[in-house]
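[1] Here you go, sequence then predicted model.
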Amino acid sequence: MERYIEKFRRYLEIEKNYSPHTLVNYTLDLENFKQFLGAQAIESADYLILRKYLASLKEKNMRSRTVARRLSTLRSFFKFLTREGHIKTNPMLTLMSPKLDKHLPQFLTEEEVMKLINAVIPKSATDSLSFRNRAILETFYSTGMRISEVVGLNIDDIDFISCVVKVRGKGKKERMVPIGDYAIKAIREYLGKREKQIGALFLNKNGTRITDRGARDIVTKYLHLASIRQGISAHTLRHSFATHLLNRGADLRSVQELLGHANLSTTQIYTHLTTERLKSVYDKAHPRA
């Protein structure tokens, strides 16, 4: 099975342009299934074996979302093996995924976002790291980018005149996203404080590109300093970006484009978060509101 996993991995990397993070997750899921099979060959995997695998995952009290992701990995894997002629029939075709729990993403209010950003107070006029941190927070909220997209930005990706930024998203797909005046101003101030003016946009204290973990830690630090409620993460700024746009009248299709979602159904979860706007429309339009 090891050689099949490696072939599948190369297919995802070369033909599907999947990110290194996604490749690692797919590989881990398949290694887990290989351990479950033990000495059994992959060709022997049938509906009953897959049902036993599903039962073993549930016995470990895994979340439905984690189980669904592992089954999704196997679906892609067996589809690949069938298409390449390594197995005759796809045993995943008749296996149903577990029903997912409804999960609504958390988001910050507009006031909480302002409180978060204003928590960044430079210690001095030459405190480049604080100016960087403020620029990172402003960029997150202004563009709704994923963490990997923000840390992957280069200076050349920012059009300071047209106020747009080139984003490299999932599957190495590129998109152009507007960036607001506040974020542009914060980035300019940060660049004015640092020495290196080429290459990566956001640098760590060693002068190299900041990592995903580094960016998450920055957001967590200022969430704590701003005393904003528990259970909030860096990704919450992306949820807040989408929710605030919809609350202020943006259409779902535009928000989909800005977020870089391949399917509109992924964006539709934010419509559940916009009750404030719906109530406002109702109050204005209904004669007996």
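    Received the coordinates, thanks. Numbering: from 1, shown residues only.

[2] which regions of this protein lie under the pLDDT threshold?
    Low-confidence segments of the chain (pLDDT under 70): 98-104, 272-278, 289.

[3] change it to 80
    Residue ranges of the chain with pLDDT under 80: 19, 96-105, 123, 126, 170-172, 196-198, 229-231, 265-266, 268-282, 288-289.

[4] Now do the helices in it.
    Applying DSSP state H to the chain gives helices spanning 2-14, 20-37, 47-59, 64-83, 110-118, 128-143, 147-151, 181-193, 212-225, 236-247, 252-259, 264-267, 275-285.

[5] Run the angle between the first one and helix 20-37 for me.
    Note on geometry: by axes from the mean of the first three to the mean of the last three C-alpha atoms, to 10 degrees, helix 2-14 and helix 20-37 are set 160 degrees apart in direction.

[6] before we move on, what about the fourth one?
    Taking the same axes, to 10 degrees, one finds that helix 64-83 is oriented at 80 degrees with respect to helix 20-37.

[7] what's helix 64-83 in contact with?
    Residues from elsewhere that reach helix 64-83 (C-beta atoms under 8 Å, 6 or more residues apart in numbering): 4-5, 7-8, 11, 25-26, 29-30, 32-33, 42, 45, 50, 54, 57-58, 87-92, 95, 97-101, 103. All C-beta spots, glycine's among them, are computed from the backbone N, C-alpha and C.

[8] buried stuff in it?
    For helix 64-83, the neighbour count (16 or more other C-beta atoms under 10 Å) marks 67, 69-71, 73-74, 76-78, 80-82 as buried.

[9] S280: which of the residues you listed is nearest?
    The closest of the buried residues of helix 64-83 to S280 turns out to be R69 (C-beta to C-beta; 37.0 Å).

[10] now the closest one: how far from L137?
    30 Å (C-beta to C-beta, to the nearest Å).

[11] what does S233 give?
    Distance from S233 to L137, counting by C-beta to C-beta: 13 Å.

[12] Compare those two and say which is more crowded by neighbours.
    It is L137, of S233 and L137, that has more neighbours when counted by other C-beta atoms under 10 Å, with 26 against 15.

[13] show me what contacts the more buried one?
    Contact partners of L137, counting by C-beta under 8 Å, 6+ apart, are 116-117, 120, 218-219, 222, 237.

[14] Out of those residues, which two are the most distant from each other?
    V120 and L237 (13.5 Å).

[15] Surely S240 touches L108?
    Yes. Judged on C-beta atoms under 8 Å, S240 makes contact with L108 at a distance of 4.5 Å.

[16] so who does the residue lying closest to A41 once chain neighbours are set aside touch?
    In space, A41 comes closest to M1 once its chain neighbours are excluded; the distance is 7.5 Å by C-beta to C-beta, 6 or more residues apart in numbering. In this structure, M1 makes contact with 30, 34, 37, 41-42, judged by C-beta under 8 Å, 6+ apart.

[17] separation between the most centrally placed residue in the chain and T271?
    Residue closest to the average C-alpha location in the chain (C-alpha atoms, centre = their mean): R146, at 4.8 Å. Distance, R146 to T271, using C-beta to C-beta: 20 Å.

[18] what's the answer for F202, then?
    Counting by C-beta to C-beta, the separation of F202 from T271 is 32 Å.

[19] Comparing these two, which residue is more hemmed in?
    F202 (24 against 15).

[20] Touching, that one and T211? I think so.
    No. Checked against C-beta under 8 Å, the pair F202 and T211 is beyond contact range at 10.0 Å.

[21] any shared contact partners between the two?
    Listed contacts common to F202 and T211 are V151; contacts here mean C-beta under 8 Å, 6+ apart.

[22] ok, now which ones touch V120?
    Per C-beta under 8 Å, 6+ apart, neighbours of V120: 130, 133-134, 137, 222.
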